[in-house]
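Student: Output the structure for:
(3 chains)
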Amino acid sequence: MDFGAIFSAAFALIVGLDPAFLAIVGLSLRVTLTAVLIAALIGLPLGAALALARFRGRSAVIVCLNALMGLPPVVAGLVVFLLLSRSGPLGPLGLLFTPTAMILAQVLLVLPIVIALTRQTVEDLWGEYRDHLRSVGLEGVRAIPTLLFDGRFALATALLAGFGRASAEVGAVLIVGGNIAGYTRTMTTAITLETSKGDLPLALGLGLVLIALTLAINAVAFGASRIGARYAG
Amino acid sequence: MTPAMTHKNPKETTMTTTRRLLLATGFSAALTGLALAQTTTATPPAASTPAATGTRFITVSSTTSTQDSGLFGHILPLFKAKTGIEVRVVSQGTGQALDTGRRGDADVVFVHAKAQEEKFVAEGFGLERKPVMYNDFVLIGPKADPAGISGTKDIAAALVKIAEKGAPFVSRGDKSGTHSAELALWKVAGVDLAAKKGAWYREIGQGMGAALNTAGGMGAYVLADRGTWISFKNRGDLTIAVEGDRRLFNQYGVIAVNPAKHPHVKINDGQAFVNWLVGPEGQKAIADYKIEGQQLFFPNATQAGA
Amino acid sequence: MRDLASILPLDVRAVAFHGDGRRLVDGISFQLPAGGLTVILGPNGAGKSLTLRLCHGLLTPSEGRIAWARGAEGRNRRHAMVFQKPIMLRRSVEANVLHALAAAGVAGPERRERCRTALERFGLSERAGQAARLLSGGEQQRLAIARAWALRPELLFLDEPTSQLDPAATRQIEELLSGLVAEGITVLMSTHDLGQARRLASRVLFLHRGRLIANAPAADFFAGPASPEARAFLAGELIW
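Tutor: Below is the predicted model of the structure:
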């Protein structure tokens, strides 16, 4: 393997600003960030509610969620595929082989992570805050905004974990997106394609760009939470 | 006072409220999420109204060989320039590509396994199978040539030798057109795979490119379509061992999915693509696609019985 | 608009609380009139903290009842509580006070004004923007009191507020508490520190093993307690 070729391929991709390549990067970010955003909108309140609620079967739900964090992306992809296929229950929506389908599959992958980690974070925080919050009249659902806000740094890490899982996976988006050039081709499916075409330097070059992007996003988030933590204690 | 005591605050009302809200929050958030997901893409929600909103497109399920060889990258822009129809290609093995058509997830299938294609039409999933082009298969192998078949022309004899010597052989094993062709060739060679199959015969269940990568890594023989081989960049130690046998012929066909089975398919635009492919412009575009001066596919839409 | 009728006196009637199959407090009855600083005194495990939590509404009695002169539940209940270990939100000093006021439903402009006054009153103005959890132990407890004070309670519960503090900080908190009483706020606090009880209390409730053994003006209690347990406690013997 010629490592010079890999780096020059990666370099050419970045410097060349090839519109097709930029479209792939743009789509990857759009799909993954949207999926993480949706998973956050659903998962943060749901995870917090799960942390505070007491009901029969709660432990089973928690165990299931923790297990779902390891859901194989291919399985998530297959589930969404079967739902969205024209012959499936949601077929009439015509969403298979679209970015929306990829977002749905990734939401399915990210959601368990967000819910499970939010549950853990909020439950720990509630243990610490409970007396005070109940004293000032914040109980149950009314306590959730405070807990989510004060857990924001830990929760940001949970969202980053979700982002990492979604941006790195290829199994689900390949199945439900179809790797259509210029429409549903993401960084990871492009890497798969270039690998199968035998263009390994280009595949690894794309891989380097993906790693660099992930690194940049994590660095920004880490820096922000560090600065934030200094002010919030 | 022990800390355990403070946990005993069984206010039943609070808990039921929390539980109800847990459900409500989850449900409403899920709806919000779905709504958001819908708005993030500019695709029309229902395929039955193709040109009404957004891009006019059809979905074509095709094979890995047409994708990996780069043919579509060459011909689809020409079709779009002429008709304004965007062609979205999902590339899979032939078997899987036909299944995608069977489920109604594609408007057109473009594959290479005549028997499977005719079955698809006979079942009523496709309208009419039309021949488009051909190329040929080549038997690829390591330069060391452990089976001693390099440069021969008789594919049947070559396969017999590979089986006898137990030289490593990579099979697609994915019900693709190339896989079907490979199985047919073993039959022609009189090798009973079920009996002879051993550690030397490796089914990987992946696409053409992946099979070539694997063969390269293991120093194995592999049957490939010439188009993918020519455009394949990671050849390493691999080279053509056997080529030129008439039995290595590889015919591609195209079929529009039957709207009687799947009313939502875009029959007009799909048929337009089929007609263009088998018409003079499409045929010329296919013939014009070359890599390093080599033509990859040979149009033959007008050839009877292809 | 606000109903200014007092929530006091607080009437605690034959209250018991069960936990882990045991009666953790039992048969507690007393009246808490407006004014003064009442100390709940007793050894560790006597049920002091539990009694405060029952009164504040954090726990529901298993038996008996806790009655206010008028409604004192819900958002604006006009009694507040400060805990043994200060519970500081992961926010600035100022945001901690604002949060409690918002929870009590105090509107924006008034919220900011009351927060400013509270920080000033307790000498925390210069710390307003700092992270609350980075304050010293004494400052944190001061903030906890300021936060409770901003809610304008008639009655303030404090659960061993100085047990985790050094003597200097303890001194400071005690002075603050005397100031609150002078302001007219009724204080009910628990302590196991005899000296603190002597310094601050106008009235003493002596708890032992979950039962209320003495309820007397501080002067009387310290002059000659009626029960042998209280006498032993005052003599510095380890009782259980």
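
Student: only C-alpha atoms for contact and neighbour calcs from this point on.
Tutor: Fine.

Student: ok, for residue 81, nearest residue in space, not its chain neighbours?
Tutor: All of this refers to chain A. Excluding the flanking residues, the one nearest residue A:81 by CA to CA, 6 or more residues apart in numbering or on different chains is residue A:176, at 5.3 Å.

Student: meant chain C actually
Tutor: residue C:157 (4.5 Å).

Student: Give the burial count for residue 33, as a bare number.
Tutor: Because you didn't say which chain, this covers chain A. 20 (other CA atoms under 10 Å in any protein chain shown).

Student: Sorry, I should have been clearer: chain C.
Tutor: 13.

Student: for the longest helix along chain A, packing partners?
Tutor: Longest helix of chain A, by residue count under DSSP state H: helix A:99-135. Applying 3 or more CA pairs under 8 Å, 6 or more residues apart in numbering or on different chains; DSSP states H and E, one finds that helix A:99-135 contacts helix A:19-52, helix A:58-68, helix A:73-84, helix A:144-150, helix A:152-168, helix A:171-177, helix B:12-40, strand C:79-82.

Student: where among these is the average confidence lowest?
Tutor: Out of these, helix B:12-40 stands lowest, with a mean of 43 (criterion: mean pLDDT).

Student: Nearest residue to the middle of chain B?
Tutor: Among the residues of chain B, the one closest to the centroid is residue B:92, at 2.1 Å (CA atoms, centre = their mean).

Student: Bridging across strands, which residues link to that residue?
Tutor: residue B:63 (DSSP bridges).

Student: Wait, it touches residue B:63, no?
Tutor: Yes. Counting by CA atoms under 8 Å, residue B:63 is a contact partner of residue B:92 at 4.9 Å.

Student: Need the overlap of contacts for those two.
Tutor: Residues touching both residue B:92 and residue B:63 (CA atoms under 8 Å, 6 or more residues apart in numbering or on different chains) are residue B:176.

Student: Show me the strands in chain C, by range?
Tutor: Applying DSSP state E to chain C gives strands spanning C:10-19, C:22-32, C:37-41, C:63-67, C:79-82, C:155-159, C:186-191, C:203-208, C:211-217.

Student: Tell me who's in contact with the closest residue to chain B within chain A.
Tutor: Per CA to the nearest CA, residue A:196 is where chain A lies closest to chain B, at 3.9 Å. Applying CA under 8 Å, 6+ apart to residue A:196 gives the contacts B:68, B:207, B:208, B:209, B:210, B:212, B:213.

Student: Make a ChimeraX selection of whichever of the residues you listed turn out to be buried.
Tutor: To isolate the buried members of these in ChimeraX, using 16 or more other CA atoms under 10 Å in any protein chain shown:
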select /B:68,207,208,209,210,212,213
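
Student: so who does the residue in chain B that chain A sits nearest to touch?
Tutor: Using CA to the nearest CA, residue B:209 is the residue of chain B that sits closest to chain A, at 3.9 Å. By CA under 8 Å, 6+ apart, residue B:209 lies in contact with A:195, A:196, A:197, A:198, B:64, B:68, B:228, B:232.

Student: so the last one makes contact with residue A:195?
Tutor: What it means is residue B:232. No. At 9.9 Å, residue B:232 does not count as touching residue A:195 under the criterion of CA under 8 Å.

Student: In contact with residue 40, which residues are there?
Tutor: With no chain named, the answer covers chain A. A:111, A:114, A:159.

Student: that answer is for a different chain, and I need it for chain C
Tutor: With contact taken as CA under 8 Å, 6+ apart, residue C:40 is in contact with C:48, C:188, C:189, C:190, C:191, C:204, C:205, C:206, C:207.

Student: Just the buried subset of those residues, please.
Tutor: In these, the ones that pass as buried (16+ other CA under 10 Å) are C:48, C:188, C:189, C:190, C:191, C:204, C:205, C:206, C:207.

Student: Nearest to chain B among those?
Tutor: Checking these one by one against chain B (CA to the nearest CA), the nearest turns out to be residue C:48, at 7.8 Å.

Student: There's contact between residue B:177 and residue B:110 in this structure, I believe.
Tutor: No. Taking CA under 8 Å as the definition, residue B:177 is not a contact partner of residue B:110, at 10.9 Å.

Student: Which neighbours do the two have in common?
Tutor: Counting by CA under 8 Å, 6+ apart, the residues touching both residue B:177 and residue B:110 are residue B:63.

Student: Tally up the residues packed near residue B:115, please.
Tutor: Number of residues near residue B:115 (other CA under 10 Å) recorded here: 10.

Student: before we move on, back to that, any idea which of the contacts of residue B:209 the model trusts least?
Tutor: At the low end of pLDDT for these is residue B:68, which has 81.

Student: Quick check: which of the helices and strands packed on helix A:99-135 is nearest to residue C:132?
Tutor: helix A:144-150 (12.3 Å; CA to CA).

Student: got the residues of the stretch 151-300 of chain B near chain A?
Tutor: Within the stretch 151-300 of chain B, the positions lying close to chain A (CA under 8 Å from any CA of the partner chain) are B:207, B:208, B:209, B:210, B:212, B:213, B:228, B:231, B:232, B:233, B:234, B:235.

Student: Make CSV from those residues and add secondary structure to it.
Tutor: Converted to CSV, those look like this (DSSP: H, G, I helix; E, B strand; the rest coil):
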residue, secondary structure
B:207, coil
B:208, helix
B:209, helix
B:210, helix
B:212, helix
B:213, helix
B:228, helix
B:231, helix
B:232, coil
B:233, coil
B:234, coil
B:235, coil
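
Student: Show the contacting residues for residue 62.
Tutor: If you meant another chain, say so; for now it's chain A. Contacts of residue A:62 (CA under 8 Å, 6+ apart): residue A:116.

Student: Chain C, not that one
Tutor: C:15, C:16, C:17, C:18.

Student: Is it possible to mark the buried ones in those?
Tutor: Buried residues within those, defined by neighbour count using 16+ other CA under 10 Å: C:15, C:16, C:17.

Student: And the last one, how far from chain A?
Tutor: Taking CA to the nearest CA, to the nearest Å as the measure, residue C:17 falls 18 Å from chain A.

Student: swap in the first one?
Tutor: For residue C:15, the distance to chain A under the criterion CA to the nearest CA works out to 20 Å.

Student: Now whichever strand or helix holds residue A:211: buried residues?
Tutor: If you go by DSSP states H and E, residue A:211 is part of helix A:200-232. By neighbour count on 16+ other CA under 10 Å, the buried set for helix A:200-232 is A:200-210, A:214, A:218, A:221-222, A:225, A:231-232.

Student: Provide the count of other residues in contact range of residue A:124.
Tutor: Neighbour number of residue A:124 under other CA under 10 Å is 15.

Student: do the same with residue A:18
Tutor: 12.

Student: same question, residue A:110
Tutor: Other residues near residue A:110 come to 31 when the count uses other CA under 10 Å.

Student: quick one: contacts for it?
Tutor: By CA under 8 Å, 6+ apart, the neighbours of residue A:110 are A:35, A:36, A:39, A:69, A:162, A:163, A:165, A:166.

Student: how about TSV for the residues you listed, with distance to residue B:170 and neighbour count added?
Tutor: Shown next, in TSV, are the contacts of residue A:110 (distance: CA to CA, whole Å; neighbours: other CA atoms under 10 Å in any protein chain shown):
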residue	distance to residue B:170	neighbour count
A:35	38	30
A:36	40	30
A:39	42	27
A:69	35	20
A:162	37	26
A:163	37	25
A:165	32	19
A:166	32	27
